[in-house]
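Colleague: Give me a model of this one.
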Amino acid sequence: MISVKQQVDVMEERIEHYFQPHVRARYQIQIVNNTFDRTFNFFFLYKRGEENTHSIPIKVVREYDWVYFEQIVRELQHRVNFTLRFTGFKDQIWQSNGERIPRYL
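Modeller: Take a look at the predicted model:
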């Protein structure tokens, strides 16, 4: 299993590659719970002005382990200053505290 630090290092590197500061831009990280393939998919979303939102895949985490996933999310949240948007996590809870996973973090 790849370490949490290595997973987030790869994501951070890919985000930095696509991130270009712009005055009227919005940036988010979308995290998708892919229940069919049992993976967690991470995307970098950006929207500049009136343009459509662009979605760039940055990582697929194949280890479908909820404790491991939570560690990755916490590390990613600590390193990047973007809104995290969760898709496909309805009624799922964080393993550390039993709270529901929100739509946005």
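
Colleague: mind checking pLDDT for residue 20?
Modeller: With respect to pLDDT, residue 20 has a value of 85.

Colleague: Start the count at 458 instead of 1 going forward.
Modeller: Done: numbering now begins at 458, and the last item shifts to residue 477.

Colleague: can you pull the contacts of the residue lying closest to residue 505 once chain neighbours are set aside?
Modeller: Spatial nearest neighbour of residue 505, chain neighbours left out: residue 482 (4.5 Å); criterion: CB to CB, 6 or more residues apart in numbering. In this view, the C-beta of every residue, glycine as well, is placed from N, C-alpha and C. For residue 482, the contact set (CB atoms under 8 Å, 6 or more residues apart in numbering) comprises 503-506.

Colleague: Would you mind pulling up the elements that the helix or strand where residue 470 lies packs against?
Modeller: Assigned by DSSP states H and E, residue 470 falls within helix 461-475. Using 3 or more CB pairs under 8 Å, 6 or more residues apart in numbering; DSSP states H and E, the elements in contact with helix 461-475 are strand 496-505, strand 511-518, helix 523-536.

Colleague: Rebuild the contacts of residue 482 as JSON lines, extending it with distance to residue 562, pLDDT and neighbour count.
Modeller: Output for the contacts of residue 482, formatted as JSON lines (distance: CB to CB, whole Å; pLDDT from 0 to 100; neighbours: other CB atoms under 10 Å):
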{"residue": "503", "distance to residue 562": "18", "pLDDT": "92", "neighbour count": "19"}
{"residue": "504", "distance to residue 562": "19", "pLDDT": "90", "neighbour count": "16"}
{"residue": "505", "distance to residue 562": "23", "pLDDT": "87", "neighbour count": "15"}
{"residue": "506", "distance to residue 562": "25", "pLDDT": "84", "neighbour count": "9"}
